[in-house]
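# Okay, predicted coordinates and the sequence, questions at the end:
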Amino acid sequence: MANLTINGKTFTLDVEPDTPLLWAIRENAGLTGTKYGCGIAQCGACTVHMDGVAIRSCGISVSEAEGKKITTIEGLASGDALHKVQKAWIAQDVPQCGYCQSGMIMAVAALLAEKPKPTDADIDEAITNICRCGTFQQVREAIHTIASA
Amino acid sequence: MNKHVSPKMNRRAFVIGTAAVGAGLAIGLDLPFGGPAVVRAADGSPEVNAWVVVRPDDTVVIRIARSEMGQGSLTGLAQLVAEELECDWSKVTTEYPTPGQSVARKRVWGDFSTGGSRGIRSSQDYVRKGGATARVMLIEAAANEWKVPASECTVAKGVITHKASGKTTTYGKVAEAAAKLTPPADVKLKDPKDWTIAGKGLLRLDTADKTTGTMIYGIDVKLPGMLNAAIKDCPVFGGKLKSYDEAKITGMKGVKKVVKVGDTAVAVVADTWWHAKSALEALPIVWDEGENAKVTSESIAKWLAEGLDDSQPAYVGNKNGDVKAAIAGAAKKVEAVYNYPYQNHATMEPMNATALYTVDKCEVWCGTQNGEAAFAATLEASGLPAEKCDVHKVMPGGGFGRRGQTDYVRQAVMIAKQMPGTPIKLLWSREEDMAHGRYHPITQCKMTGAFDANNNLVALHYRLSGQSILFSLRPEALQNGMDPAAFQGVAQSGEAAFGYSVPNLLVEHAMRNPHVPPGFWRGVNVNHNAIYMECFMDELAQAAGQDPLEFRRKLMRNHPKHLAVLNAVAEKIGWDKPAPLGVYRGIAQVMGYGSYVAGAAEISVTDGNKIKVHRIVASTDPGYVVNPAQVERQIAGSFVYGLSALFYGGCTVKDGKIEQTNFDTYNSMRINEMPKVESVMVPSGGFWGGVGEPTIGVAAPAVLNAYFAATGKRIRSVPLRDQNITFA
């Protein structure tokens, strides 16, 4: 059993302590917005926030996440008000297939929380998620639009 | 080495497929109109026709048969229907009919297959007619109600007006009456120059859910009582499952059942996928790997290299003049051998499907590029007839050609059939996905060019050796053994025609089919053919002491559309002006999927092996552009996919298995490696070309030619990581 705080709610989940956080989020907490891409922390599709920091949830266990504040894509908006990254993503039509975008959005939201006006170099360093559709151009442009708002 | 292993032909699926094609000749127009019974959507709203449902609140539901997988066709097709329908775009929504519904209605929605960049171009005519037909009927219904001639009524944004009487109504109010009318025998489609909805870079219809985590992909499907399955198929293609020791995992948490899947695979079914996967990893499995376990990349390369020799048999795909005589009598000769490896599609979402089997029904939920093929696979694997099966398409996390295949659907049904009444979600691990791709085919190419004393190219011999996709996946499409698709981009005519005139030309293919299963990988055969041809064009230009652009232009005088996109790219990148200090340019062009494309890159190289791509310019002439914003994204995405394959890709074979297992050994470009792609769209009209794939052909050669300009070194082998060349 593990107690996890996800999107402000406490979940008591019947999972082994070494279960990757990703699978506890998806299968036990039932929040499927966070995606599985590689399972080895390479692609970033599973990116969530742990105490405000972007992490790859496939690479850490539930025992490491206990006592931390986990935010998933489902918890990014404040009630009905979408997060500025979500709004920009919609306004600029960033996603193609969209599968990597939950992770991409979480990574970008964490970057902007830390650096509200990131340079291209900041983006290059912080955003290392794989997108096989190739949305990078729209991702970069949307970040700059948010930063200049 | 078992050189001619081909996956067992799915005869039943093929018969269903061709029968369905025969029945679908009157696609979209062969409708049960005019009778007393109105066809209704699930919510009771009337169908004006198969493509258009109008709800009483004026919402227009446009049916889309082709699959959205990120490429934007869902929005583009809806734009085409809405354009002719003259409805209010802000009230448009879309839905997928199921393949089962389509078959039950004599395949009223036509082909579901979404590959070959055909999503829009091969259905644009009948979907536009679907929209136009519905518009005529809706107006007629209003005119009938008002007892005025339909010709006196006009429509804008779904509001019908009779000016003389001042009457107005909306589509939602007359849809019920319209659905009872006899459709017009013929409708006139708009001239694209008059488009107001199509042709515009409208926002996609499917974006919002992708930003909130609410879009349901195959991996997210949940059904009551559902269990999860993880699978391992014999890692050596063609091998079999020998045995497994179930006792070793009995009692592991969550494990419900261990099942054999056909002759080649074993799956663990558990409460969660994590439990299923963990137990599968602990399961001792013995494989009967068979003869193919002796195959390696080296043995394949050796076999393909033998095929480059003229003494070996080859199919001729394009020919004029007498190449051999011209080369023999030439003043100068240039020869080079190139190769291109296997590539995995590596869709972000690994293969998966959910199946529910009972004695009288089998349903599947999955992301697929071909709903009808998934349906045929469901029939075959379940053993149930068409009326007892259906497939529900959900959003795929990428396709790129991989999800046109149905191996994962078949597996899910085979597992579910062993647990009747329990929905089973089968998900492949990334490792399984890497091990069981349908790989970009492997080839080598020997090219010989010959010049006369004045440095005119007088002969070109293009000899390809390697794998045929059609041999493996669509043997019925072979022509006396020849794979016509092998010549994409170097063909004499058609939708992938060669863009150069050479007095003596010979293009041939020595077909050699290793045991690794090939598939349609974004760009398909255009990829390697464009790399080989466009890099060699640069070699020829160099040999002739001419500028690569000018050298091409001289050979392209009879190919004005090919030349136009090349010129557009040259102009945009400023080919006639020097590049910035330390920056070098490369250029390439090709025709594929009915479209003409060209690309140019500006790069710098540090230490001879670190490449920084500063600028990419791309031009495309697809005839018509339905949504320029989405075309631009397909062009840019093609560069990311093509350059990822060039720099980081390549699947190698050892002991009959694919060696790469995940993104750590099969990497993909990140944002820091990718510059902005500047697209120049030059639609010339009069034809409909595809946009999802053609551009990938020019991505790698543009960069490779720039690399030569920077270093004087030719790269003739992919991927670059094998040559210790990477991004700066």
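That came through fine. The structure displayed is predicted, hence computed values, not measured ones.

# Of all residues in chain A, which one is closest to chain B?
Evaluated by CB to the nearest CB, chain A has residue A:33 as its residue closest to chain B, separated by 1.8 Å. All C-beta spots, glycine's among them, are computed from the backbone N, C-alpha and C.

# Get me the contact residues on the stretch 601-728 of chain B for chain A.
Counting by CB under 8 Å from any CB of the partner chain, the residues of the stretch 601-728 of chain B close to chain A are B:629, B:633, B:636-641, B:644, B:662-664, B:668-672, B:674, B:676-677.

# Show me which of these are buried.
When these are checked for burial by 16 or more other CB atoms under 10 Å in any protein chain shown, the buried set is B:629, B:633, B:636-641, B:644, B:662-663, B:668-672, B:674, B:677.

# From those residues, which land in helices?
Residues of these located in helices (DSSP state H): B:629, B:633, B:636-641, B:644.

# and of the residues you listed, the nearest to residue B:88?
residue B:629 (20.2 Å; CB to CB).

# For the closest residue to the closest one other than its chain neighbours, grab phi and psi.
Closest residue to residue B:629 apart from its sequence neighbours, by CB to CB, 6 or more residues apart in numbering or on different chains: residue B:201 at 3.3 Å. Phi and psi for residue B:201, reported as degrees, to the nearest 10, are phi -80, psi 60.

# Just give me the neighbour total for residue B:201.
By other CB atoms under 10 Å in any protein chain shown, the residues close to residue B:201 number 14.

# OK, contacts around it?
Counting by CB atoms under 8 Å, 6 or more residues apart in numbering or on different chains, residue B:201 touches B:627-630, B:632.

# any idea how far residue A:93 is from it?
Separation of residue B:201 from residue A:93 (CB to CB, to the nearest Å) stands at 9 Å.

# what is in contact with the two at once?
Common neighbours of residue B:201 and residue A:93 (CB under 8 Å, 6+ apart) are residue B:629.

# gap between residue B:669 and residue B:400?
In terms of CB to CB, residue B:669 sits 14 Å off from residue B:400.

# same question but for residue A:47, I mixed them up
22 Å.

# My guess is residue B:45 contacts residue B:54. True?
Yes. Under the criterion of CB atoms under 8 Å, residue B:45 makes contact with residue B:54 at 6.7 Å.

# Now for residue B:527: which residues touch it?
Applying CB under 8 Å, 6+ apart to residue B:527 gives the contacts B:340, B:440, B:521, B:642, B:645, B:696-697, B:700.

# ok, the residue nearest the centre of chain A - contacts?
Against the mean C-alpha coordinate of chain A, by CA atoms, centre = their mean, the closest residue is residue A:106 at 3.0 Å. Shown in contact with residue A:106 (CB under 8 Å, 6+ apart): A:47-49, A:54, A:71-73, A:76.

# Nearest residue to the residue of the stretch 351-500 of chain B found nearest chain A in space, please, no chain neighbours.
With CB to the nearest CB as the measure, residue B:397 is the residue of the stretch 351-500 of chain B nearest to chain A, at 3.0 Å. Once flanking residues are discounted, residue B:397 sits nearest to residue B:349: 2.4 Å by CB to CB, 6+ apart.

# What is the three-state secondary structure of that neighbour?
coil (DSSP: H, G, I helix; E, B strand; the rest coil).

# Might one say that it is in contact with residue A:101?
No. With contact defined as CB under 8 Å, residue B:349 does not reach residue A:101; the gap is 11.8 Å.

# where do the strands sit along chain A?
Remark: strands assigned in chain A by DSSP state E are A:2-6, A:9-13, A:47-50, A:53-56, A:69-71.

# low pLDDT regions in chain B?
B:1-36 (pLDDT under 70).

# helices and strands around the longest helix seen in it, which ones?
Looking across chain B with DSSP H, the single longest helix is helix B:124-146. Secondary-structure packing of helix B:124-146 (3 or more CB pairs under 8 Å, 6 or more residues apart in numbering or on different chains; DSSP states H and E): strand B:47-49, strand B:52-54, helix B:73-85, strand B:153-156, strand B:159-162, strand B:167-170, helix B:171-178.

# buried residues in it?
Buried, per 16+ other CB under 10 Å, within helix B:124-146: B:124, B:126-143, B:146.

# What residue in the stretch 501-650 of chain B comes nearest to chain A?
Nearest residue of the stretch 501-650 of chain B to chain A (CB to the nearest CB) works out as residue B:640 at 2.9 Å.

# is it true that that residue touches residue A:139?
No. If you go by CB under 8 Å, residue B:640 and residue A:139 don't touch, sitting 11.3 Å apart.

# Can you check which residues contact both of those two?
Common neighbours of residue B:640 and residue A:139 (CB under 8 Å, 6+ apart) are residue A:131.

# Pull out the CA atoms of stretch A:119-130 and give them to me as PDB.
Coordinates of each C-alpha in stretch A:119-130 appear next as PDB, following Å, rounded to 0.1, in the frame of the first residue of the first chain:
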ATOM      1  CA  THR A 119      15.800  31.900 -24.000                       C
ATOM      2  CA  ASP A 120      16.200  29.400 -26.900                       C
ATOM      3  CA  ALA A 121      19.200  28.000 -25.100                       C
ATOM      4  CA  ASP A 122      17.100  27.600 -21.900                       C
ATOM      5  CA  ILE A 123      14.500  25.700 -23.900                       C
ATOM      6  CA  ASP A 124      17.100  23.600 -25.600                       C
ATOM      7  CA  GLU A 125      18.500  22.600 -22.200                       C
ATOM      8  CA  ALA A 126      15.300  22.000 -20.300                       C
ATOM      9  CA  ILE A 127      13.000  20.400 -22.900                       C
ATOM     10  CA  THR A 128      14.400  17.000 -23.800                       C
ATOM     11  CA  ASN A 129      11.200  15.200 -24.500                       C
ATOM     12  CA  ILE A 130      10.900  13.100 -27.700                       C
END
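
# Now the element after the helix or strand containing residue B:586, going C-ward?
Per DSSP states H and E: residue B:586 is located in strand B:584-592. Scanning forward in sequence from strand B:584-592 by DSSP H and E, the next helix or strand is strand B:595-606.

# Flag every buried residue along that following strand.
Of all the residues in strand B:595-606, those buried under the rule 16+ other CB under 10 Å are B:595-605.

# Nearest to residue B:301 among those?
Residue B:301 lies nearest to residue B:605 out of these, by CB to CB, at 27.2 Å.

# residues in contact with the closest one?
With contact taken as CB under 8 Å, 6+ apart, residue B:605 is in contact with B:584, B:611-612, B:707, B:710-711, B:728.

# sorry, back to before: check the burial of the residue of chain A closest to chain B by counting its neighbours.
A count of nearby residues for residue A:33, using other CB under 10 Å, gives 25.

# And the one 3 residues further on, by the same measure?
Neighbouring residues of residue A:36 were enumerated by other CB under 10 Å; the total is 27.

# How much space separates it from residue B:207?
Separation of residue A:36 from residue B:207 (CB to CB) stands at 22 Å.

# so residue B:471 sits in a strand?
No. Going by three-state DSSP, the assignment for residue B:471 is helix, not a strand.

# From residue B:473, how far out is the nearest residue in space to it that is not next to it in sequence?
Using CB to CB, 6+ apart and skipping residues adjacent in sequence, the residue nearest residue B:471 is residue B:513, 5.4 Å away. Noted for residue B:513: a distance of 11 Å to residue B:473, by CB to CB.

# of the two, who's got more company?
The neighbour comparison of residue B:513 against residue B:473 (other CB under 10 Å) goes to residue B:513, with 22 against 19.

# does that one really touch residue B:472, like I thought?
Yes. The pair residue B:513 / residue B:472 is scored as a contact, 6.7 Å apart, by CB under 8 Å.

# Give me the distance between the longest helix of chain B and the centre of its chain.
From the chain centre to the centre of helix B:124-146 is a distance of 32 Å (CA atoms, centre = their mean, to the nearest Å).
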